[in-house]
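Participant: need a structure here:
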Amino acid sequence: LNGQEFLGEAIDSVLDQTHKNWELIFLDNCSTDKSVEIAESYKNDKIKIFKSDKYLVCGEARNLAISKVTGKYIAFLDSDDIWEKTKLEMQINLIEKTKGKIVYCNSFIKNKKLKPLSKKKLPEGKLTKRIINDNPIIFSSVMFNSEIFFKENYRFNKYEIIEDLDLFFRLSKNYSFFVIQNPLVIYRDHQNMISKKKFELHIDELSKWADEFKDEIDKDDLN
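Facilitator: You can find the predicted model right below:
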């Protein structure tokens, strides 16, 4: 997708990480702006650029990016978000300490001001019910053990907007989510977000998703 407006800040936030053993998989999903030029301008061998031959919905694009990964852990960073410099280091330390497979953190929400997503303690453990009712997880805040995708064969389903919610729900039935309460991500809330630009599609995907899992969701939660 076109993301040149904030892309440089996103890439810079990876370069600035205190944990230095990373690779950045940059997937160009048929953009028509200068996103690829911006990524190429860094001339950094750790930034690996791939291009899709055709436009993919977000879930498919994320699966393609995953197929290029070689690391032990996978974290996603959307082009309009920013990681705080200790994000990878703190999450790797926690995931190795707990032997868990999934960790997320609090985030700053940035529109006109910068404020924490949650001032309350974020939940951890089996989060199925919480994810259905009031999903507390910003996608750019999550780190996964790559075994989830390469050994357990989880994949994103073919959604444009709710691919993260769908994956979190399916994972929550089998895995505990660990959490870092510190805000380690800056999540931009702006009018060009796909969930706002394609509001009707968002509702349509949620309706189809709820119908698919209606036998697994309590009636009160479904409402």
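Participant: which residues touch the spatially most central residue of the chain?
Facilitator: Residue closest to the average C-alpha location in the chain (Cα atoms, centre = their mean): residue 139, at 2.9 Å. With contacts defined as Cβ atoms under 8 Å, 6 or more residues apart in numbering, residue 139 is in contact with 76, 78, 164. (Glycine included, C-beta is placed from N, CA and C.)
Participant: out of the residues you listed, which is nearest to residue 10?
Facilitator: Using Cβ to Cβ, residue 78 is the member of these that lies nearest residue 10, at 7.5 Å.
Participant: give the contact list for residue 140.
Facilitator: Residues 75, 76, 77, 78, 81, 83, 107, 185, 187 are the ones in contact with residue 140 under the rule Cβ under 8 Å, 6+ apart.
Participant: quick one on the thing from earlier: and the pLDDT at the residue nearest to the centre of the chain?
Facilitator: At residue 139, the model reports a pLDDT of 95.
Participant: Provide the backbone phi and psi angles at it.
Facilitator: In terms of degrees, to the nearest 10, the main-chain angles of residue 139 are phi -60, psi -40.
Participant: among the contacts of residue 140, which lie within strands?
Facilitator: Mapping those onto strands (DSSP state E) picks out 75, 83, 107, 185, 187.
Participant: excluding residues flanking it in the chain, which one is nearest the second one?
Facilitator: What that stands for is residue 83. Closest residue to residue 83 apart from its sequence neighbours, by Cβ to Cβ, 6 or more residues apart in numbering: residue 13 at 4.4 Å.
Participant: residues near the one you found, how many?
Facilitator: Number of residues near residue 13 (other Cβ atoms under 10 Å) recorded here: 19.
Participant: which SS state does it fall under?
Facilitator: In three-state terms, and counting by DSSP: H, G, I helix; E, B strand; the rest coil, residue 13 is helix.
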